[in-house]
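# Sequence and computational prediction follow.
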Amino acid sequence: MATYTDYFQRDIAVTDSASVVDLGQIYYDYIIGENGQVFLYGDFESDAGEKIKATWVSKALDFSDADPKLGDIFKTVDKVRLEYRDVSANTPVTIYISTDNGVTWVSSSRTLGTGDGKVKTADFYFLDQTSGITGLYFMFKIESESASTKFEWNSLKAFVTPRGEWFEVS
Amino acid sequence: MPKFVFHINPLEHGYDSSRPMSKMNPLFANYPTINCRIEDNRVIKRWGYSLDRNLGVGTVGQHVVVFDKAASTTYTLFLTETDLCKRESGSGKTFSYQTETYTTGTITDITGAVVTGSGTSWTTSGVAAGDYFILDVDHSSDAEPDTNWATIQSVDSDTQITLSSNYTGTTGVLSNTYKIRKVYSVPSNERWAWTIVGDKFIFTNGNVDVQYWDGSGYASALDSTYAKKARYCIEYANRLFLADVEISGSREPYTIMWSKEGDPTTFDPAEQTAGQADILDTATKITGLGKVGTNLVVYQEEAISVWGRTGVASSPVTRLSYLTGIGLYAPYSLVHFLSTNAFLGRDDFYIMVGTAPQPIGEKIRHLFFDLVDENELQKVWAVNFKRKNEISWFANTSDGLLAFTWNYKNKEWSIYQFDDVINGAGTL
């Protein structure tokens, strides 16, 4: 029979039937899969061993937020710089650019980090692409697919060269 | 014009679907941003998961609940469409069934799939096809699912049942104790409701008489005479409140009932402190019960009424306010957080602020209602992952099952898509 004092120990070990739950067990959230799998849901890098594909997508940018004159001219993006905190070694990161509202994408991939916790930048180049980096509107996508790494993305910078006046191509 | 650098700095926001995409603030995310969340003004990977227990292929789990008994014993419970399970720990242990179980009499013979009993009342006790049979001698009760459980194909008489296939455990002429697990069912597209009152774990749905489990033995019906089926339940004023109940064989979707104070098993009207009330102001059914601050909230599809305590034992609650035109449209989208409720209405996500709902879905609702078909809206279910400050609304969308997730600390919206189809959740 528990005593009054025992109550205050329940965050250390909890009686669950006749046994004692492992330390920390009660602090997890749970989710339940379609075939009866009960999962601990929390600070894991995978979905029960399967890769998690994480994607951040920007709005369609014409860069007029920076200068209204940029809204009506062609632009070329040749480099994207990602500022991140290095929380895992060998984190796969791909940056995509689309100039057709996400229908097609041009990509540049890198494996980043040593896991030292420092804030760093990584440049993703699009110089060699034959299409897709000159346009009116640009969407950016950052993607990482992994079962063993995490990421923290702080900011994105697009290096933009203004071109000529935009005209509609039918 | 010279070359320039355009900054999206910092990546500090989740979704915003409240404006045309080209007119959004560039610091917000656009669809299909998936499996990212916002924390401290940066984008990070969403939570992952790891296998803890397996309740068996084909089992549809709905809730994980911590049942914290006053005597300091804490149980982790899994509520599936068919069973109440208790998580077991220790070497080789998995979980045990706490489902209502019939054990009267003994088994005298098992030949093939035919089981003969003595002192049993299988017909009159409500044992039914689809329930499960096992001999105690073959049963590892804390390492489920035991492969010897056999499905009952038919209940032939008070002393004979036929299994759907030959029994895999001990057979022949016997004198053994046994168990018949009287599995539950849940109406299609509905879910269990549960609460804890008077040191008892109480769970109910529209198919099953209200059940309770007090930490010992098996679950059983709460009060099969006066508290039959109910779709919703909650603890309030140290009583069990039920809603959308069955009375005299009929569904009463506008009725709430409450138990005797401190005793959720007593609904007998002769007991003057138990009672009931009908909410007939609108024709929309009750869809849930919640608590906001010190008040009880009764939700209907298109109405919300707030009730307070009277301090009078024979009429313990009184209605304080009644709002129409807005309500809890998806019954299982209701969650309790930070002493209030969040839920999905017909046109937006809401939280209760005092006695009135306040919309919170401005930045997600356009996207949400684009992705979720009208037929799927009422199936949306939610959970408050309180250690993460996140409420996730799970919805079948045109892009698969997605969890629309609102962080109530930073007010940001994210969308998660999991590798597995997620049917249930809980937080301990």
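Looks like it arrived, so ask away. Numbers count the residues shown, from 1 in each chain, chains lettered A, B, ... in the order given.

# Which residues does residue 152 form beta bridges with?
Picked chain A for this. Beta-bridge partners of A:Glu152, counted by DSSP bridges, are A:Arg85, B:Ile44.

# should've been chain B
The partner residues for B:Ile152, given DSSP bridges, come to B:Leu163.

# does A:Thr104 sit in a helix, a strand or a coil?
Following DSSP: H, G, I helix; E, B strand; the rest coil, we place A:Thr104 in the coil state.

# How about the contacts made by the one residue in the stretch 251-400 of chain B that gets nearest to chain A?
In the stretch 251-400 of chain B, no residue comes nearer to chain A than B:Phe385, which is 4.6 Å away by CB to the nearest CB. All C-beta spots, glycine's among them, are computed from the backbone N, C-alpha and C. For B:Phe385, the contacting residues are A:29, A:41, B:391-392, B:425, B:427, by CB atoms under 8 Å, 6 or more residues apart in numbering or on different chains.

# out of those residues, which are inside strands?
Judged by DSSP state E, these include A:29, A:41, B:391-392, B:425, B:427 as members of strands.

# can you give me the helices for the stretch 301-428 of chain B?
Remark: helices assigned in the stretch 301-428 of chain B by DSSP state H, counting those that start in this stretch are B:365-371, B:374-377.

# and among those helices, the most buried is which?
helix B:365-371 (a mean of 18; mean count of other CB atoms under 10 Å in any protein chain shown).

# could you dump it to PDB, C-alpha only?
What follows is helix B:365-371, C-alpha atoms only, in PDB (Å, rounded to 0.1, in the frame of the first residue of the first chain):
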ATOM      1  CA  ARG B 365      -8.900  27.300 -42.200                       C
ATOM      2  CA  HIS B 366      -8.800  28.100 -45.900                       C
ATOM      3  CA  LEU B 367      -6.300  25.300 -46.500                       C
ATOM      4  CA  PHE B 368      -8.000  23.000 -44.100                       C
ATOM      5  CA  PHE B 369     -11.400  23.300 -45.700                       C
ATOM      6  CA  ASP B 370      -9.800  23.000 -49.200                       C
ATOM      7  CA  LEU B 371      -8.200  19.700 -48.200                       C
END
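
# Can you give the contact residues for it?
Counting by CB under 8 Å, 6+ apart, the neighbours of helix B:365-371 from elsewhere in the structure are B:15, B:17-18, B:31, B:347-349, B:359, B:361, B:395, B:397-399, B:402, B:404.

# most surrounded residue in those residues?
Neighbour tally across the contacts of helix B:365-371 (other CB atoms under 10 Å in any protein chain shown): the maximum, 26 neighbours, falls on B:Phe404.

# Who are the contact partners of that one?
Each residue near B:Phe404 by CB under 8 Å, 6+ apart is listed here: B:364, B:368, B:392-393, B:395, B:413, B:415.

# Poorly predicted segments of chain B, please.
Across chain B, nothing is flagged by pLDDT under 70.

# domains for it, by residue range?
Listed domain ranges for chain B are B:1-74+B:329-428, B:101-181, B:187-326 (source: automatic domain parsing).

# Can you lay out those domains as JSON lines showing distance to B:Thr82?
Written out in JSON lines, the entries for the domains of chain B read as follows (distance: least, CB to CB, whole Å):
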{"stretch": "domain B:1-74+B:329-428", "distance to B:Thr82": "7"}
{"stretch": "domain B:101-181", "distance to B:Thr82": "9"}
{"stretch": "domain B:187-326", "distance to B:Thr82": "10"}
